[in-house]
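Below: sequence and its predicted model.
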Amino acid sequence: MISHFPPVLPRLAQEQRQLFHAVLRQWLTAAPAPECDKLILARERHAPGQKCSMLTLVRSCFMQPALRADLPESLVHLLVQRQWLAPAQQRRAA
């Protein structure tokens, strides 16, 4: 569990937030139930009892390699494919 959740993250540009939500909607329409369950479990693990946006959850896990495995692989793949993070952030998150 993260000691401080959500961690302090730099503010995203509006187009990055919009792209994230577009990708998340696309993923949710096609993701099998076990993949959706994995995302819900990640939220329960990292932000139990807290109000936490999916954007904050995914960004926090995406930026910390040890936590990235908690995210559904298909969602991570789609976010990388759609170039959600800037190249420097992708290298840091890998």
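Yep, it's here. Residues are numbered from 1 along each chain as shown.

in the helix or strand harbouring Phe20, what's buried?
If you go by DSSP states H and E, Phe20 is part of helix 14-30. For helix 14-30, burial by neighbour count (16 or more other CB atoms under 10 Å) applies to 16, 19-20, 23-24, 27. C-beta coordinates here come from the backbone N, C-alpha and C atoms, glycine included.

Check which helices and strands the following helix or strand past it sits against.
Using DSSP H and E, the helix or strand that follows helix 14-30 in sequence is helix 33-46. Applying 3 or more CB pairs under 8 Å, 6 or more residues apart in numbering; DSSP states H and E, we find helix 33-46 packed against helix 54-62, helix 73-81.

Kindly calculate the angle that the first one makes with helix 73-81.
Going by axes from the mean of the first three to the mean of the last three CA atoms, to 10 degrees, helix 54-62 is angled at 90 degrees with respect to helix 73-81.
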